[in-house]
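> Structure for the following, please:
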Amino acid sequence: MLKRRLVILGCTGSIGENALRVAEALPDMFEVVGLAVKTNWRRALTTAVKLGVRDLAVEDAVAARECAAVAPAGMRIRSGLAGLTELATLDGVDLVLCAVVGMAGFRPVLAAVERGISVALATKEVLVGGGAIVTESCRRTGARILPVDSEHSAIFQCLAGSEPAEVRKLILTASGGPFAFRPEVNFDHVTREDALKHPRWQMGRKVTIDSATLMNKGLELIEARWLFDVPLDRMEVVLHPESLVHSLVEFVDGSLLAQMGPTDMRFAIQHALTWPCRVDGGLKPLELGKLGALHFHEPDPARFPCLGLAREAGRVGGTLPVVMNAANEVAVNLFLENRIRFSSIWQLIESVMGLHVNQRTPALDDILEADSWARREAERIGKTF
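Numbers count the residues shown, from 1 in each chain. Next up is the predicted model:
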């Protein structure tokens, strides 16, 4: 088997670093040929030198100049979103793993699939904001979007070639974050430190806060609509605190298939990178006899309004999902900076969504403009909270 030439966008985050671990565990399958990072260029440069990678992209312009000043001779340093896009479309690339935060991944992913390059996607916002454009490009070029999130990977594996008409329901599991099973918690008084204490997964700060509000599940519902061509009214979310069943599919004959695995992101990453093959990457499977009980509960929509906001955005479509997502990114950042309360996150998102004039069939520029508008509005409204 020829090695797959792999580019990793977001190589210093938890997904990116685990992807590197997967690639290093399977040296006969992968050659990492490009790495991208937002600001942490020293860590990325160290990794690039170690792996012999000659192409590096640094999104932040100042950081890119600092990196270029000390990079070894012959290493190519690219800058900005244009640099990430160039990296995603390098000649000879077989697969791009996108794990950058937010809408920064949109242009690189779209450029890759337009070149017929498949993408292992961990950045939810790409399909939330531009699912129609990205999936249409995939249809034209034959590129694949391979899910990296554990929930979407689970559904992908359970479907295993089934047709959408055979599916009655997609069931996404949620750990519930730090608050779903603590009804005594007053969301007006939640601190940043409280919200960042995820009980199961080690993730970046933004994703961890999204888990605490359950916005991550709302984003995943919209993403699943584009990945699997199943409407939102045939999806549900269940709380599963053990985080061992990563998601389920209910078929029209009443059968229910679940995918299980340890709380280790490398399983889903490896499946995306090696698909359609399954290989032994040295990962330790579950020991069923030691699991004990598994629990499932319905989330309380009154305590987690972000789920309803995401469903509404996904139902309406157009530019509303990208507006919701952008407002959420700003709101999460404001909370992390101690500028708004935890409960203000969904209040701010709802306010921005209510002001938006939706465009039903947006082009690429419309999506990017809606994203920029929502960020400006969220910043403006956030100052009044």
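
> wait, residue 154 sits on residue 246?
Yes - when contacts are counted by Cβ atoms under 8 Å, residue 154 is listed as touching residue 246 (3.7 Å). Every residue, glycine included, has its C-beta placed from N, CA and C.

> These two: which has the busier surroundings?
residue 154 (28 against 25; other Cβ atoms under 10 Å).

> mind checking how far the helix or strand harbouring that one is from the chain centre?
The secondary structure element spanning residue 154 is helix 150-159 (assigned by DSSP states H and E). On the basis of Cα atoms, centre = their mean, to the nearest Å, helix 150-159 sits 14 Å off its chain's mean C-alpha point.

> Would you mind writing the CA trace of that helix as PDB?
The C-alpha coordinates for helix 150-159 follow below in PDB (Å, rounded to 0.1, in the frame of the first residue of the first chain):
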ATOM      1  CA  SER A 150     -16.400  10.500  18.100                       C
ATOM      2  CA  GLU A 151     -20.200  10.900  17.700                       C
ATOM      3  CA  HIS A 152     -20.200  11.300  13.900                       C
ATOM      4  CA  SER A 153     -17.600   8.600  13.600                       C
ATOM      5  CA  ALA A 154     -19.800   6.300  15.500                       C
ATOM      6  CA  ILE A 155     -22.800   7.000  13.300                       C
ATOM      7  CA  PHE A 156     -20.600   6.700  10.200                       C
ATOM      8  CA  GLN A 157     -19.500   3.200  11.300                       C
ATOM      9  CA  CYS A 158     -23.000   2.100  12.300                       C
ATOM     10  CA  LEU A 159     -24.500   3.100   8.900                       C
END
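
> Pull the residues that contact that helix.
Helix 150-159 is contacted from outside by 146-147, 167, 170, 172-173, 220, 223-224, 227-228, 245-249, 257-259, 261, 265, 267-268, 271-272, using Cβ atoms under 8 Å, 6 or more residues apart in numbering.

> So among those, which ones count as buried?
The neighbour-count test (16 or more other Cβ atoms under 10 Å) applied to the contacts of helix 150-159 identifies 146-147, 167, 170, 172-173, 220, 223-224, 227-228, 245-249, 257-259, 261, 265, 267-268, 271-272 as buried.

> Just the residues you listed: which are in helices?
Under the assignment DSSP state H, the buried ones among the contacts of helix 150-159 contribute 220, 223, 224, 227, 228, 267, 268, 271, 272 to helices.

> Enumerate every residue touching the last one.
Right, the one you point to is residue 272. Contacts of residue 272 (Cβ under 8 Å, 6+ apart): 97, 120, 121, 146, 147, 148, 153.

> Quickly find the element holding the second one.
Assessed by DSSP H and E, residue 120 sits inside strand 118-121.

> Neighbouring strands - and their directions - for that strand?
If you go by DSSP bridges, strand 118-121 pairs up with strand 95-98 (parallel), strand 145-147 (parallel).

> how about these in JSON lines, adding distance to residue 62 and mean pLDDT?
Output for the strands paired with strand 118-121, formatted as JSON lines (distance: least, Cβ to Cβ, whole Å; pLDDT from 0 to 100):
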{"stretch": "strand 95-98", "distance to residue 62": "23", "mean pLDDT": "98"}
{"stretch": "strand 145-147", "distance to residue 62": "32", "mean pLDDT": "98"}
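
> what's the most buried one of those?
When you average the neighbours per residue for each of the strands paired with strand 118-121 (mean count of other Cβ atoms under 10 Å), strand 95-98 leads with a mean of 27.

> distance between that one and the chain's centre?
12 Å.
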